[in-house]
Each structure stands twice: as C-alpha cells, then as structure tokens.
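Chemist: What would the 3D arrangement of this be:
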Amino acid sequence: MSDVTGHAAPSKVPRVNQMAMGDLVYALKMGARDFYRKPMMGLFFSHVYVVGGWLIYLFLFVTEQVWWAIPFTVGFPLLGPFLAVGLYEVSRRLEIGDTDFRRNDIFGVIWRQRLRQLPSMAWVIIVYFLFWSFFAHMLFALFMGPAVLTNVTTSYAYLLEPEGLTMLLVGTAFGAVFAIVLFALTVVSLPLLLDKELDFVTAMLTSLKVVQQNKRVMLVWAAMIAGLTFLGLLPFLVGLFVVLPILGHATWHVYRRALTSLD
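Modeler: Residues are numbered from 1 along each chain as shown. Below is the predicted model:
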C-alpha cells in the first residue's frame, strides 16, 4: 500500500482465488493471533462500536422509542466493516513483520484514507443503513398501522399479536437480505481499498466476484460472522469487545486468501 495518497499509480485488479473451508479456519486462527499480539488496538476499536451501541440504546430508552431497538440491532452491525479499517491495518503490519508500531501510526493511516476511496465506501454503507432504517419504519406502519406506531411506547403487546409477529418475521427476512447484499459488496472491498489503489466501484465488483466464485465458503463465512456477532451482542454488547477485533483481523486474512495480487 502506497503512502502517497494523491499521486499513487493505480493498482491492477487482483485475481480471485478458489477458496476452501480451511481458509476460514485459518483466517479465524490468524485473527485471534493478531488480537492476542495487539490486544489494546483491538479493544480500542471495538470500544468505539460498543459504546456507540450503548449510547443509541440509551437514547432510545430516554426518548421512549425502545421499539426502534429491533431495526437498530439488525442495522447497526452494518457499520461494522468500516469501523474495522484500523484492525485491517494492524493485521497488514503484523503480516509484513512490523510489530513496533503505535496507535498514532494506525491513526495516521486511517486519516490518510480521507483522500482515497474509503470515504466513498463509507457513504455507501451509511446510506444503506439509513435506507434500512426507513424501510423498517415503513414495514412497521404497513403491518401495524399508524395508530400503533404512535402508541407503541405505551404497550409492546402489539408485537405478540398475529400482525406483530408477521411484521417481525418479514422484517427479519428483509433484514437478512439487506445484510447479505452488503456483505457481498464489502467482504473484501474494504481491505482491498486499504491495500491497493483502486476505485470503490471496482472494489465492490471484485468483492461480488469473490462471493460469486466461492458461494459456499462465503455463505459459511457470512453465517459465522452473523453467529459470532449475535453472541457478542449478549449480554449488553459486552461480547463485542472480543468478537469484533477477532472478526476484523480475520477479515483481513480472508481477503488475503480470496485474492492474489498481480502488482
């Protein structure tokens, strides 16, 4: 990765590799190893995510809009890939044998990304999350009606009625589709943009190609991320202090196994 952000030569698009389940095991082992080697870095980046989640739930509780916790619980993890950029850089440095770096070195790399393509990817993820929030609100109004939407804070029994259960089922199904599409767009595109000089559209198309050529492996990887993240949400998001750094580091190693550089 070049440190020259303004005039770096464009990189060649990496070749997509055929992956096996062993690659995922390897990536998780390496992710855990990277977290073990630099635990304070992992805890720093994960605490931003966890504390942010606490503040959101506190806001919803104070404003008596707790029902919004359902779409936010599904949607908030969509922002996770962008928050993991610092973890990708830590793994990149450890991979090349650079262990004598400090937090400011990582912050410097993150700061320089403002002149590259990662901000564009950040907007894609943020707009995606906002659209999901709007869509969840629309589903609620469609199934439950505007009167229930107005009075839901006084009683949550509506959610246990047939309409409420159907709304939860349909919302979960649509949420899964949203998550899968975003996963396909970002599974390797973010570490790729950190590592190479490519535009964000090319990075997303490359990520889609990785998923297309490794459907079974990528489906298992998505399920592993979802399962581990769900476990990390309990209790009170505390498990994410460990889960997020390991997954962030592991994603870098999945990227390395998924693509071969042609530069």
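Chemist: make it CA atoms for all contacts and neighbour counts henceforth
Modeler: Noted.
Chemist: could you point out the longest helix in the chain?
Modeler: Counting residues, the longest helix found in the chain (DSSP state H) is helix 118-144.
Chemist: Please name every helix or strand in contact with that one.
Modeler: Packed against helix 118-144, as judged by 3 or more CA pairs under 8 Å, 6 or more residues apart in numbering; DSSP states H and E, are the following elements: helix 69-75, helix 146-151, helix 162-186, helix 189-195, helix 200-213.
Chemist: can you state the direction angle for it and helix 162-186?
Modeler: On the basis of axes from the mean of the first three to the mean of the last three CA atoms, to 10 degrees, helix 118-144 is oriented at 160 degrees to helix 162-186.
Chemist: ok and helix 118-144 relative to helix 200-213, angle-wise?
Modeler: Helix 118-144 runs at 60 degrees relative to helix 200-213, counting by the same axes, to 10 degrees.
Chemist: tell me the mean pLDDT for helix 118-144?
Modeler: Averaging pLDDT along helix 118-144 gives 80.
Chemist: Check Pro235 and give its pLDDT.
Modeler: Per the predicted model, pLDDT is 80 at Pro235.
Chemist: and the gap between it and Ile246?
Modeler: To Ile246, Pro235 is 18 Å away according to CA to CA, to the nearest Å.
Chemist: With neighbour numbers in mind, choose between these two.
Modeler: Ile246 (26 against 10; other CA atoms under 10 Å).
Chemist: could you give the angle of the strand or helix carrying the more buried one to helix 200-213?
Modeler: Assigned by DSSP states H and E, Ile246 belongs to helix 240-258. Relative orientation of helix 240-258 and helix 200-213, computed by the same axes, to 10 degrees: 80 degrees.
Chemist: Can you tell me the closest non-neighbouring residue to Met204?
Modeler: Nearest residue to Met204, sequence neighbours excluded (CA to CA, 6 or more residues apart in numbering): Leu185, at 4.9 Å.
Chemist: which residues touch that neighbour?
Modeler: Counting by CA atoms under 8 Å, 6 or more residues apart in numbering, Leu185 touches Met204, Leu205, Ser207, Leu208.
Chemist: can you rerun that using 6 Å?
Modeler: Residues in contact with Leu185 (CA atoms under 6 Å, 6 or more residues apart in numbering) are Met204, Ser207, Leu208.
Chemist: quick one: contacts of stretch 248-260?
Modeler: So stretch 248-260 is contacted by Pro14, Arg15, Val16, Asn17, Ala27, Leu28, Gly31, Ala84, Leu87, Tyr88, Ser91, Val188 (CA under 6 Å, 6+ apart).
Chemist: burial of Pro14, as a residue count?
Modeler: So Pro14, with other CA under 10 Å, has 16 neighbours.
Chemist: ugh, typo on my part, it should be Arg33
Modeler: 16.
Chemist: Poorly predicted segments of the stretch 151-263 of the chain, please.
Modeler: Scanning the stretch 151-263 of the chain for pLDDT under 70 picks out the ranges 151-159.
Chemist: one more time with 80
Modeler: Scanning the stretch 151-263 of the chain for pLDDT under 80 picks out the ranges 151-164, 167-168.
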